[in-house]
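Visitor: the following comprises the amino acid sequence and a computationally predicted model.
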Amino acid sequence: MARPCHPHRMTSAVLLDLAGVIYDGEKAVPGAAEAVARLRAAGLPIRFVSNTTRSSKPTILARLARLGLPVTSNELFTPAEAACDWLRAHSRGAHLLVHPDLVSEFQDLPTDSGMAVVVGDAGDAFDYRSLNAAFRKLTDGAELLALAPNRAFKDADGGLSLDAGPFIAALEFASQRQAIVLGKPAPGFFRAALATIPCPAAEAVMVGDDAETDVAGALSAGLGHALLVRTGKYREGDEARFAPAPSATVDDISAAVDWILARRRGSE
């Protein structure tokens, strides 16, 4: 069920998920480039907030450019960046349990103080040896940082595969420690993106394919609206599985932009 719409709320910025909304694997979602261009033409600032933790920021930016979507570095927010900021702010070194392609993001970090275990979607690197090594760091007093707690993602073969969330839950259970979540649905992640515009949360719209981390997460963080698209990992009935429910459920990014621009015109 859709949440009540509040057309009197001004829309001043749009947050967009990437995987499943803008692209699926190496292919753009049909109409995605045009939809983003329409938002830019309407003068709406955009921030791309991704929980993808298998690719570095430069790799993501290069993929977007290949798909006809030039995005600047300061428009893209990733959990790895948030983790590096946290590690420096708390003077912690990193024990990494991440995908090999993400290791390059963790440079010039503290090495002479406490530790934090950083967990992303490590893919095949999630084996007993690596999980047990992380567990031992946690029992020695390390903090547990979760880049993203997603349960599953849409894999290259079209099916759902395990994301980092189940492995984070296993480490929490074994170590009796609570993970600090740095990507979506952490309110600070959404707010950090909006702070660069700047834009009050109540004037922002989030568009995502994950009803839990993208949509319910954004609404719980105080965003005015959040739209769920029926692309990517979406499965029938997702809009009713988590609270708060989406402001609306739409077919794809193009339909989401239609929804945003129609209501923006209605509020002017």
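Guide: Here it is on my side, so go on.

Visitor: who's in contact with Glu26?
Guide: For Glu26, the contact set (CB atoms under 8 Å, 6 or more residues apart in numbering) comprises Arg63. Glycine gets a C-beta too; all of them are placed from N, C-alpha and C.

Visitor: same check on Ala192?
Guide: Ala192 touches 77, 82, counting by CB under 8 Å, 6+ apart.

Visitor: give the next helix or strand downstream of the one helix or strand it maps to.
Guide: Element membership of Ala192 [criterion: DSSP states H and E] is helix 187-195. Once helix 187-195 ends, the next helix or strand along the chain (criterion: DSSP H and E) is strand 204-208.

Visitor: partner strands of that next one, with direction?
Guide: strand 13-16 (parallel), strand 225-229 (parallel) (DSSP bridges).

Visitor: need the ones you listed in JSON lines (columns: distance to Asn51, mean pLDDT and mean neighbour count).
Guide: Below are these laid out as JSON lines (distance: least, CB to CB, whole Å; pLDDT from 0 to 100; neighbours: other CB atoms under 10 Å):
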{"stretch": "strand 13-16", "distance to Asn51": "12", "mean pLDDT": "98", "mean neighbour count": "25"}
{"stretch": "strand 225-229", "distance to Asn51": "15", "mean pLDDT": "98", "mean neighbour count": "27"}
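
Visitor: wait, which of the ones you listed is closest to Pro166?
Guide: Pro166 sits nearest to strand 225-229 of all these, at 22.2 Å, using CB to CB.

Visitor: the helices in the stretch 151-268 of the chain, which residues?
Guide: With helices called from DSSP state H, counting those that start in this stretch, the stretch 151-268 of the chain shows them at 165-175, 187-195, 217-220, 253-267.

Visitor: comparing those, which comes out most buried?
Guide: Scoring the helices of the stretch 151-268 of the chain by mean neighbour count under mean count of other CB atoms under 10 Å gives helix 217-220 as the most buried, with a mean of 24.

Visitor: turn the strands paired with strand 204-208 into a markdown table, including distance to Asp210.
Guide: As requested, the strands paired with strand 204-208 are arranged in a markdown table below (distance: least, CB to CB, whole Å):
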| stretch | distance to Asp210 |
| --- | --- |
| strand 13-16 | 13 |
| strand 225-229 | 8 |
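
Visitor: out of those, which is closest to Pro246?
Guide: strand 225-229 (4.1 Å).

Visitor: the strands in the chain, which residues?
Guide: Here the chain has its strands, by DSSP state E, at 13-16, 23-24, 27-28, 46-49, 76-77, 93-97, 115-119, 143-146, 152-154, 160-162, 180-181, 204-208, 225-229, 248-250.

Visitor: and those, which is most packed in?
Guide: By mean count of other CB under 10 Å, the strands of the chain have strand 204-208 as the most buried, with a mean of 29.

Visitor: run through who's touching that strand.
Guide: 11-17, 20-21, 49, 184, 190, 194, 214-215, 218-219, 223-229, 247, 253, 256, 260.

Visitor: please redo it, this time with the cut-off set to 7 Å
Guide: Outside strand 204-208, the residues that touch it by CB atoms under 7 Å, 6 or more residues apart in numbering are 11-17, 21, 194, 214-215, 218, 223-229, 253, 256, 260.

Visitor: and for stretch 244-258?
Guide: 1-3, 5, 21-22, 29, 31-32, 35, 38-39, 207, 211, 215-216, 219-220, 225-231, 239, 259.

Visitor: alpha carbons of it, as CSV, please.
Guide: C-alpha atoms of stretch 244-258 as CSV (Å, rounded to 0.1, in the frame of the first residue of the first chain):
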residue,chain,number,x,y,z
PRO,A,244,7.5,2.5,6.1
ALA,A,245,5.9,1.6,2.8
PRO,A,246,6.9,3.3,-0.4
SER,A,247,5.3,6.6,-1.4
ALA,A,248,4.6,4.9,-4.7
THR,A,249,5.7,1.8,-6.6
VAL,A,250,6.4,2.4,-10.2
ASP,A,251,7.7,0.4,-13.2
ASP,A,252,11.1,1.9,-13.6
ILE,A,253,13.4,5.0,-13.3
SER,A,254,11.5,6.7,-16.2
ALA,A,255,8.2,6.3,-14.4
ALA,A,256,9.8,7.5,-11.2
VAL,A,257,11.0,10.7,-12.9
ASP,A,258,7.5,11.2,-14.3
